[in-house]
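Asks: task: produce atomic coordinates for the following.
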Amino acid sequence: MLMGSLFWRFVSGDWQGLPQGRIANCLLGVCYRVSVSQQDIDVAHMRAALREASKAVGLTSPNPPVGCVIAKGRKILAKGHHRYAGGPHAEIEAIQCLTAKALKGSTAYVTLEPCSSKGKTPPCVNAIREAGIGRVVYGSEDPNPKNKGKAARILRRHGILSQGGVLLRPCDEIIRPWRKFITTGMPWVIAKAAMSLDGRLTRPGNEGQWLSSTASRKDAGKLRGEVDAILIGANTLRDDNPALTLRDPAALRRGKQQPLRVVLTRKGRLPKRAQVFTDSHCDRTLVYKAKSLRVVLKDLAAKHGCASVMIEGGGKLLGDAFSRGLVDEACLYIAPIFCGLAGVPLVGTSLSSSKGLLDVSVKRIGQDLRIRGLVDQAKVGDAS
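Replies: Sure thing, here's the model as predicted:
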């Protein structure tokens, strides 16, 4: 109360009799409090925008998952997220929820810099300007050369304040697959496998197909809701006849399309009655004959718009992917059993150097452990 009284006496010109030091401290304190308050508001609203963006993961390729909220002060007025490629972007979905009066002078919080070039939809910066929004706060800068850094300049030219880099790390993380896709023309690759404590993918003898528990397999099924394609080799198709279907209820409710099912084969001799060729999703199955893994991945990105691919193959395919440096992320389910030398190893080939994981998370699922992390593409060599 005292600080506020001193502040208003100063700005109104009634500062006679107040020591200069006290005036300076007063102003410093009030300005600090105001800036921290606005920062807190920006962070809180960007977290809400991130929650919106998370709803779009796996739905929008070849576009990025983006979330947006529109607010005035602490109050959120509208929310939106990009739901499918070709559909309204997150900013547009939120804008369409509000009247012109509500939009005027509001702040838009977007996880990714608003687009400034025309694609299947008009540029979002135009819609923001026409809506009368007074300020734009975004997290990640758009890595797409068509848009990178342009939004701030356009908005500034029209008298709209903008600020980037708010909650930069989580905003960058949510577009990580798309960033690789748009900057390299290659999809983000996740290696997923269930394995024994001694690193084997198969049980000995006739013990059955499954290593991990039902709960772990259900958890792994959620990963299919994040990716655009699932890739296996011919041996996995012949030995396991997997369906590779999307069964996670949450992903299906969000409108997730069945990911492409991709089979790699050297000679083309595949069982015609396999599930991937005969079920209701057979039109979502692709076969690549005598093509390298790198060529296949590049083709999936260029011709099918796949920003993310999950490899669910055996040790040979996983070994090829790791040895060629094509894996970006690993998700491993470790069952508390030993399978011995007869089992297929996780990485069924020699590596020129060991591969480490970064940003590792470990989750217990029943008796199993799930380890998920980013593959360190640098040569590890000495782990010390």
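Asks: those helices in the stretch 251-384 of the chain, which residues are they?
Replies: 275-278, 293-304, 315-323 (DSSP state H, counting those that start in this stretch).
Asks: go through the ones you listed and name the closest to residue 123.
Replies: Counting by C-beta to C-beta, residue 123 lies closest to helix 293-304 out of the helices of the stretch 251-384 of the chain; the figure is 24.2 Å. C-beta coordinates here come from the backbone N, C-alpha and C atoms, glycine included.
Asks: name the helices or strands packed onto the closest one?
Replies: Here helix 293-304 touches strand 229-233, strand 260-265, strand 285-289, helix 315-323, going by 3 or more C-beta pairs under 8 Å, 6 or more residues apart in numbering; DSSP states H and E.
Asks: so how far is the longest one from its chain's centroid?
Replies: From the chain centre to the centre of helix 315-323 is a distance of 24 Å (C-alpha atoms, centre = their mean, to the nearest Å).
Asks: ok so, going back, where among the helices and strands packed on helix 293-304 is average confidence lowest?
Replies: Ranked by mean pLDDT, the helices and strands packed on helix 293-304 bottom out at helix 315-323, with a mean of 91.
Asks: how far off centre is stretch 142-153?
Replies: Its chain's average C-alpha position is 19 Å from that of stretch 142-153, according to C-alpha atoms, centre = their mean.
Asks: stretch 176-193 too?
Replies: Averaged C-alpha coordinates place stretch 176-193 at 10 Å from its chain's average position (C-alpha atoms, centre = their mean).
Asks: mean confidence for stretch 297-311?
Replies: Per-residue pLDDT over stretch 297-311 has a mean of 97.
Asks: what's the neighbour count on residue 121?
Replies: Neighbour count for residue 121, taken as other C-beta atoms under 10 Å: 16.
Asks: now for the helices of the stretch 251-384 of the chain, which one comes closest to residue 180?
Replies: Closest approach to residue 180 among these is made by helix 293-304 (9.3 Å; C-beta to C-beta).
Asks: pLDDT weak spots in this structure?
Replies: Along the chain, the model assigns pLDDT under 70 to residues 1-36, 208, 379-384.
Asks: now do the strands in the chain.
Replies: In the chain, the segments counted as strands under DSSP state E are 67-72, 75-81, 107-112, 135-140, 161-163, 188-195, 229-233, 260-265, 285-289, 308-311, 329-334, 356-365, 368-376.
Asks: the first one pairs with which strands, parallel or anti?
Replies: In this case it means strand 67-72. Using DSSP bridges, the strands paired with strand 67-72 in its sheet are strand 75-81 (antiparallel), strand 107-112 (antiparallel).
Asks: please apply the same query to the last one.
Replies: Here strand 368-376 has these sheet partners by DSSP bridges: strand 329-334 (antiparallel), strand 356-365 (antiparallel).
Asks: and those, which is most packed in?
Replies: Compared across the strands paired with strand 368-376, strand 329-334 shows the largest average neighbour count, a mean of 21 (mean count of other C-beta atoms under 10 Å).
Asks: so what touches it?
Replies: Outside strand 329-334, the residues that touch it by C-beta atoms under 8 Å, 6 or more residues apart in numbering are 188-197, 211-212, 216, 219-220, 223, 346, 357, 365, 368-375.
Asks: same check, this time on stretch 270-285
Replies: 234, 237-238, 241-245, 258-263, 287.
Asks: re earlier: can I get the strands paired with strand 67-72 in a markdown table including distance to residue 61 and mean neighbour count?
Replies: Conversion of these to a markdown table gives the following (distance: least, C-beta to C-beta, whole Å; neighbours: other C-beta atoms under 10 Å):
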| stretch | distance to residue 61 | mean neighbour count |
| --- | --- | --- |
| strand 75-81 | 14 | 19 |
| strand 107-112 | 14 | 30 |
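Asks: from the contacts of stretch 270-285, list just the buried residues.
Replies: By neighbour count, with 16 or more other C-beta atoms under 10 Å, the contacts of stretch 270-285 hold 234, 237, 242, 244, 245, 258, 259, 260, 261, 262, 263, 287 as buried.
Asks: quick check: the farthest pair among those?
Replies: Greatest spacing in the buried ones among the contacts of stretch 270-285, by C-beta to C-beta: 234 and 258 (21.0 Å).
Asks: still on that earlier bit, ok, of the buried ones among the contacts of stretch 270-285, which one's closest to residue 310?
Replies: Comparing these against residue 310 with C-beta to C-beta places residue 259 closest, at 7.8 Å.
Asks: so the closest one touches residue 221, yeah?
Replies: No. With contact defined as C-beta atoms under 8 Å, residue 259 and residue 221 do not form a contacting pair (11.4 Å).
Asks: for these two, list the residues in contact with both.
Replies: In contact with both residue 259 and residue 221: residue 246, using C-beta under 8 Å, 6+ apart.
Asks: how near is the residue nearest to residue 164 when sequence neighbours are not counted to residue 190?
Replies: Excluding the flanking residues, the one nearest residue 164 by C-beta to C-beta, 6 or more residues apart in numbering is residue 138, at 5.2 Å. For residue 138, the distance to residue 190 equals 27 Å [C-beta to C-beta, to the nearest Å].
Asks: so those two - more neighbours on which side?
Replies: The residue with more neighbours, out of residue 138 and residue 190, is residue 138; 28 against 23, by other C-beta under 10 Å.
Asks: before we move on, back to that, just put the helices and strands packed on helix 293-304 in JSON lines and tack on distance to residue 126.
Replies: Below are the helices and strands packed on helix 293-304 laid out as JSON lines (distance: least, C-beta to C-beta, whole Å):
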{"stretch": "strand 229-233", "distance to residue 126": "34"}
{"stretch": "strand 260-265", "distance to residue 126": "34"}
{"stretch": "strand 285-289", "distance to residue 126": "38"}
{"stretch": "helix 315-323", "distance to residue 126": "42"}
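Asks: nearest to residue 116, of these?
Replies: Closest to residue 116 of those, according to C-beta to C-beta: strand 229-233, at 29.8 Å.
Asks: not counting its own residues, what contacts that closest one?
Replies: Residues from elsewhere that reach strand 229-233 (C-beta under 8 Å, 6+ apart): 187, 224, 242, 244, 259-265, 296, 300, 304, 306, 308-314, 316-317.
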